[in-house]
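Peer 1: sharing a model that was predicted from the sequence below.
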Amino acid sequence: MKNKSLLPDDLHNYWTEVANTYQWKKKWDQLQTGDFEQVNIEWFQGAKLNITENCLDRHLEKRRNKKAVIFEPNNPQEATSFLTYGELHVSVCRFANLLIKQGLKKGDVVCFYMGMTPELLIGLLACARLGIVHTVVFGGFSSQSLHGRLLDSKAKMVVTHDGSFRGDKIVGLKSMVDEALENFQQIGELAVEKVLVVKRTQSEIQMKPGRDYFYETLIKDCDIYCPATSVEAEDPLFILYTSGSTGKPKGLLHTTAGYMVHVGNSFKEVFQIKENDIFWCTADIGWITGHSYITYGPLLNGTTTVIFEGIPTYPSPARFWEVIEKHHITHLYTAPTAIRSLEKFGNDIPEKFNMSSLKVLGSVGEPINEEAWHWYHKYVGKQRCPIVDTWWQTETGGIMISAKAGITKLKPAHASLPLEGVLPILVDEKGNEIHETVAEGNLCIKWPWPSMARSIFGDHERFKQTYFQTYKGLYFTGDGARRDHDSFFRITGRVDDVINVSGHRIGTAEVEDAINEHPNITESAVVGFSHDIKGQGIYAFVTPMKSSADHEILKKEIRDIVQKIIGPIAKPDQIQIVKALPKTRSGKIMRRILRKIVENDLANIGDTSTLLNPECVEQIIKTKNN
Ligand code: WTA
């Protein structure tokens, strides 16, 4: 038989049991097929389902009047709003009917470029209701980044806000969409036919007749029920772009059934959710964390999920603690960078709030340092709440390594044990599995798991190359890790050219490409450096053509160009203007040396005599930014 599954029996049995807890229109013929050699993984072949029936319809009998979504607006003076499971079901159906009326069909792609309001979550589910593929582009990306993603995904519709509130600012999302649609035509032709605008800030915007429509106008006439389209297990659910080691962002493709099964299950297992819990994940829905643990994971479990529009420091650095007290949050799931930035304002701020509702704390996005872990445990969790440090990736779809709240023993800064059904291993440089328990190596996954990305949209070859070529027959995560005598994993960070800035993945090549667009820059090299708050910051070395240029102006222009091409999240923290970059004789930039220089680890720079231009190393050290 073609594509026979090699999955070991215990994994096979485990996932069968988990999958049986979901609602299927038709069950699978084969649990899993394909392998990491062929890179042709499928799960639940032959099954038919609709994920929104599992997120919504299934709960109506018992939970119709239970809160599904709590919306906490940017401005705490604005009233909070709620949607019950019954109301969310209606909202999703109406949005789905709107999409049908606008001519969208199963398999089409709709792009969301929005602030964090319930309409974003509703929109994603409306797509899923119809088998339409969603792709969310984080509102902090530039219009040029948006253009690139629209081009690559072939999206037919963009859903946006007139503007989005972020702290004391308004982000003009609709005008960015206009730019994305109109200003880059030379790069390629877009498939976008319609723009749907949800009103939020009442900002003045341009509406192009025949292309742009207000959501509020169209939704009025939409029916409150929409049957759920039956989709195949492997039909795409969404595309989500992430940075990699080359310049072009990758659109990771996730499919329906496997994603549902793993995400729903990991949510339940890791957070040990109970019926009346209130779950708050502070991520943006524009990232995988917001897909899996604001949207699908909680709703699959009938849990109340919080959508927070604002930022941790607005109107004051007490905002997180206020929200916890106000909504009786039981589970807080946030990023180390947020913890570190709030810690800086002092221990007495969280002390002022009644956070006794909290039961479980979560961490995601980057390694949490021990100091931040202890602060989180002591001042937020009052030493009562277990911390689950959840390791996973956009590619993995759901959590892979994590403690289970209240079950796994706590060990600061350790992601700890793999979830059941997942088999991570450590390999040495040659790709040999390290069998000793106590070990350090590169983190790989040995067997397929249901929520793994199936491809890079439109480029399966790149998918194979990126994840399955480094070590034959294994999925390579790009992360390094240590394993201790308890078999607990501690993730040490990326081992490739990806920088993790405040939990956001930024490919060095992408930033370099943007910097090199500056007319006076010959070349650049970007590396990460340790940053107290962000975890890692971006350090750019650049060589100008005209060395007479005013350095301060040049640095500002470089920051501006990166902001324009990628977005504010990729702006370098440090820029050093140098005469030359260290290169091998074949002309390859030696980023390893630059990394040692920025970390002040001069003793370990190694032998530079074989470089093409060893003299430049000395010069770079001398002129380094402090
Ligand atoms: C890092 C976010 C240490 C890691 C869910 C991974 C972590 C990348 C952790 C994925 C953690 C995520 N401990 N490192 N608990 N969680 N990472 O795709 O380097 O935005 O490869 O997914 O973040 O980032 P992504």
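Peer 2: Arrived safely, thanks for sending. Residues are numbered from 1 along each chain as shown.
Peer 1: what's near enough to touch F95?
Peer 2: Applying Cβ atoms under 8 Å, 6 or more residues apart in numbering, we find F95 in contact with E119, I122, G123, L125, A126, I219, C222. All C-beta atoms are positioned from the backbone trio N, CA, C, and that covers glycine.
Peer 1: just give the nearest non-adjacent residue to it, would you?
Peer 2: What sits nearest to F95 in space, not counting adjacent residues and going by Cβ to Cβ, 6 or more residues apart in numbering, is A126, at 3.5 Å.
Peer 1: residues near the one you found, how many?
Peer 2: 28 (other Cβ atoms under 10 Å).
Peer 1: just checking, it is part of a helix?
Peer 2: Yes: under DSSP: H, G, I helix; E, B strand; the rest coil, A126 sits within a helix.
Peer 1: before we move on, back to that, could I get the contacts of F95 as TSV with pLDDT, secondary structure and distance to G606?
Peer 2: Below are the contacts of F95 laid out as TSV (pLDDT from 0 to 100; DSSP: H, G, I helix; E, B strand; the rest coil; distance: Cβ to Cβ, whole Å):
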residue	pLDDT	secondary structure	distance to G606
E119	98	helix	54
I122	99	helix	54
G123	98	helix	51
L125	99	helix	53
A126	99	helix	55
I219	98	helix	62
C222	98	coil	64
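Peer 1: for this structure, give me the ranges with low pLDDT.
Peer 2: For the chain, the stretches with pLDDT under 70 are 1-5, 245, 626.
Peer 1: which parts of it sit against the ligand?
Peer 2: 242, 287-289, 363-367, 389-394, 415, 477-479, 491, 493-494, 500, 505 (Cβ under 6 Å from any ligand atom).
Peer 1: out of these, which are buried?
Peer 2: With burial judged by 16 or more other Cβ atoms under 10 Å, the buried subset of those is 242, 287-289, 363-367, 389-394, 415, 477-479, 491, 493-494, 500, 505.
Peer 1: mind checking which of those are in strands?
Peer 2: 242, 363-364, 389-390, 477-479, 491, 493-494, 500, 505 (DSSP state E).
Peer 1: need the max-distance pair from those.
Peer 2: The most widely separated members of those, counting by Cβ to Cβ, are T242 and D389 (20.7 Å).
Peer 1: list the contacts of the residue of the stretch 251-400 of the chain found nearest the ligand.
Peer 2: The minimum distance from the stretch 251-400 of the chain to the ligand, using Cβ to the nearest ligand atom, falls at T394 (3.4 Å). Residues in contact with T394 (Cβ under 8 Å, 6+ apart) are L240, T242, L252, W287, I288, A453, R505.
Peer 1: what of K106?
Peer 2: Counting by Cβ under 8 Å, 6+ apart, K106 touches L130, G131, I132, T229, V231, D235.
Peer 1: and what of D560?
Peer 2: No contacts exist for D560 under Cβ under 8 Å, 6+ apart.
Peer 1: helices of the stretch 401-550 of the chain, start to end?
Peer 2: 460-468, 508-515 (DSSP state H, counting those that start in this stretch).
Peer 1: could you name the helices and strands sitting against the shortest one?
Peer 2: The helices and strands touching helix 508-515, judged by 3 or more Cβ pairs under 8 Å, 6 or more residues apart in numbering; DSSP states H and E, are strand 521-531, strand 535-544, helix 551-565.
Peer 1: mind running it again at 10 Å?
Peer 2: Using 3 or more Cβ pairs under 10 Å, 6 or more residues apart in numbering; DSSP states H and E, the elements in contact with helix 508-515 are helix 143-153, strand 498-501, strand 521-531, strand 535-544, helix 551-565.
Peer 1: for E512, find the nearest of these.
Peer 2: strand 521-531 (4.9 Å).
Peer 1: any idea which residue of the stretch 101-250 of the chain lies closest to the ligand?
Peer 2: Closest point on the stretch 101-250 of the chain to the ligand, by Cβ to the nearest ligand atom, is T242, at 5.3 Å.
Peer 1: go ahead and confirm that residue touches L252.
Peer 2: Yes: with contact defined as Cβ atoms under 10 Å, T242 reaches L252; the gap is 6.2 Å.
Peer 1: what is in contact with these two at once?
Peer 2: I288, Q393, T394, E395, A453, I456 (Cβ atoms under 10 Å, 6 or more residues apart in numbering).
Peer 1: which residues touch the last one?
Peer 2: What it means is I456. Going by Cβ under 10 Å, 6+ apart, the list of residues near I456 reads 152, 239, 241-242, 244, 248-253, 395, 462-467.
Peer 1: repeat that with 6 Å
Peer 2: K250, R462, F463 (Cβ atoms under 6 Å, 6 or more residues apart in numbering).
Peer 1: so which of those residues comes closest to F141?
Peer 2: K250 (14.5 Å).
Peer 1: show me what the closest one is bridged to.
Peer 2: K250 has these beta-bridge partners by DSSP bridges: T242.
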